[in-house]
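Colleague: fold the following for me, if possible:
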Amino acid sequence: MRKTTNKPIKNFATFLNSKLIGKATLTNSKSLFIKDANKKVHSANLIKHGYTILDYKLNEEAVNTIIEYSRRIECHDPYRPQLEPIDPSAPPKDTHVAHFSRTDLVNFKPILNIANDPALLEVVQEFLGAKPTISNINMWWSFGGKEQAEHAQLFHRDFDDWKFCKLFIYLTDVTDTSGPHIYVKDSSNSAKLRKIRRYSDAEVENAFGKENILSFTDKRGAAFLVDTFGFHKGLLPKVEDRLLLQVQYSLNPILIEEYQPVQVSDFNYHQYINRLLIKA
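Modeller: Modelled structure (predicted):
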């Protein structure tokens with residue numbers, strides 16, 4: 001599927017795939033992020049524009065709980081695996097980002113509860129056209145003060161599945177100088193620039209217009225869903241470091257991932273949606 005960049009072929013394959021998978025009956029309990037009346041608005045935004053900013057921020061207690069947990073687990077530079085675990089307060093000079101392990105994140109109940117938020121799952125199911133699969137949970141530091149952007153700090157499309165989206169939650173305040181998420185509105189449905197590579201700011205601006213390049217700055221706890229097949233990047237932080245939690249929802253397993261589901265206590269989640277990460 002990574003090699004299928006032709007828009008009509010990709011859309012047809014997505015349609016067939018979603019029909020084969022079908023939808024799930026989801027519980028309608030209280031959401032941390034979404035007003036009941038706005039679920040259709042969020043799914044429509046995601047389908048049309050490629051992103052939607054959720055109604056509620058993750059509350060301070062929940063943010064603090066995740067940050068405190070992050071201090072008890074290790075994070076590593078994914079591009080320099082030979083390094084020792086990274087100390088976020090004093091990262092090596094060449095380390096731009098430090099990721100926590102998926103196993104550690106899946107083993108933390110508050111993060112699983114976020115990933116399985118009932119209204120989120122409803123919005124995502126409407127966007128995908130089928131019941132979602134939680135195909136990744138990730139959390140990482142992006143460090144400020146580096147000379148130039150690298151990897152995902154440059155404009156790109158993700159080609160993870162026929163259709164997918166990602167939940168982003170800021171765990172630190174994010175300003176223009178602390179690495180905001182940058183997204184190109186309406187690019188997820190565009191046939192422009194489909195070759196798999198990194199793109200310069202000028203190329204993206206020329207193709208989509210400067211007015212459609214959005215910068216998501218907000219206080220910690222801010223949450224938004226993004227179709228990252230659309231053009232995006234994490235802007236290189238100039239000064240402050242940024243901590244971000246991400247949950248990926250897709251139609252299928254992501255082929256480049258190696259899944260080793262973990263046993264969790266008090267399993268009260270939808271078994272199919274969580275099958276890749278959790279043993280029921």
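
Colleague: how about the backbone phi and psi for Ala98?
Modeller: As for Ala98, its main-chain torsions (degrees, to the nearest 10) stand at phi -140, psi 120.

Colleague: name whatever forms a beta bridge with it.
Modeller: Beta-bridge pairing for Ala98 (DSSP bridges): Trp141.

Colleague: let me see the confidence value for it.
Modeller: Ala98 is assigned 96 on the pLDDT scale.

Colleague: quick one: end-to-end length of stretch 267-277, please.
Modeller: With Cα to Cα, to the nearest Å as the measure, the ends of stretch 267-277 fall 12 Å from one another.

Colleague: equivalent analysis for stretch 197-206, please.
Modeller: End-to-end span of stretch 197-206 (Cα to Cα): 17 Å.

Colleague: likewise for stretch 256-274?
Modeller: Its start and end residues considered, stretch 256-274 measures 18 Å (Cα to Cα).

Colleague: in it, which residues are buried?
Modeller: Val264, Tyr269, His270, Ile273, Asn274 (16 or more other Cβ atoms under 10 Å). Where C-beta positions appear, they are placed from N, C-alpha and C, glycine not excepted.

Colleague: just give the nearest non-adjacent residue to the third one, would you?
Modeller: With Cβ to Cβ, 6 or more residues apart in numbering as the measure, Ala24 is the residue that lies nearest to His270, at 6.4 Å, once sequence neighbours are left out.

Colleague: please apply the same query to the first one.
Modeller: Closest residue to Val264 apart from its sequence neighbours, by Cβ to Cβ, 6+ apart: Ile278 at 5.5 Å.

Colleague: from Phe127, how far out is the one you found?
Modeller: As defined by Cβ to Cβ, to the nearest Å, Ile278 lies at a distance of 22 Å from Phe127.

Colleague: which residues touch Lys192?
Modeller: Applying Cβ atoms under 8 Å, 6 or more residues apart in numbering to Lys192 gives the contacts Ala207, Phe208.

Colleague: any idea how far the residue nearest to His270 is from Phe127?
Modeller: Distance, Ala24 to Phe127, using Cβ to Cβ: 14 Å.

Colleague: also Val204?
Modeller: 23 Å.

Colleague: try Tyr79
Modeller: Distance, Tyr79 to Phe127, by Cβ to Cβ: 31 Å.

Colleague: the two: which is more packed in?
Modeller: Using other Cβ atoms under 10 Å as the criterion, Tyr79 and Phe127 rank with Phe127 on top: 22 against 13.

Colleague: what helix or strand is the more buried one located in?
Modeller: If you go by DSSP states H and E, Phe127 is part of helix 118-128.

Colleague: by contact count, what packs against that helix?
Modeller: Applying 3 or more Cβ pairs under 8 Å, 6 or more residues apart in numbering; DSSP states H and E, one finds that helix 118-128 contacts helix 39-49, strand 164-170, strand 223-226, strand 242-250.

Colleague: ok, back up a step: was I right about the residue nearest to His270 contacting Asn274?
Modeller: No - if you go by Cβ atoms under 8 Å, Ala24 and Asn274 don't touch, sitting 11.6 Å apart.

Colleague: show me where pLDDT drops low in this structure?
Modeller: Counting by pLDDT under 70, the ranges of the chain that qualify are 1-5.

Colleague: just give me the residue closest to the centre of it.
Modeller: Nearest residue to the geometric centre of the chain (Cα atoms, centre = their mean): Lys166, 3.2 Å.

Colleague: can you map out the strands along the stretch 101-250 of the chain?
Modeller: Ranges of strands in the stretch 101-250 of the chain, per DSSP state E, counting those that start in this stretch, are 133-142, 164-170, 181-184, 213-216, 223-226, 232-234, 242-250.

Colleague: how distant is stretch 172-186 from the center of its chain?
Modeller: 13 Å (Cα atoms, centre = their mean, to the nearest Å).

Colleague: swap in stretch 189-197?
Modeller: Averaging C-alpha positions (Cα atoms, centre = their mean) puts stretch 189-197 19 Å from its chain's average.

Colleague: circling back to that earlier point, burial check on the residue nearest to His270, number of neighbours?
Modeller: 15.

Colleague: and what of Ser29?
Modeller: Using other Cβ under 10 Å, Ser29 has 8 other residues around it.

Colleague: ditto for Asn136
Modeller: When counting by other Cβ under 10 Å, one arrives at 22 neighbours for Asn136.
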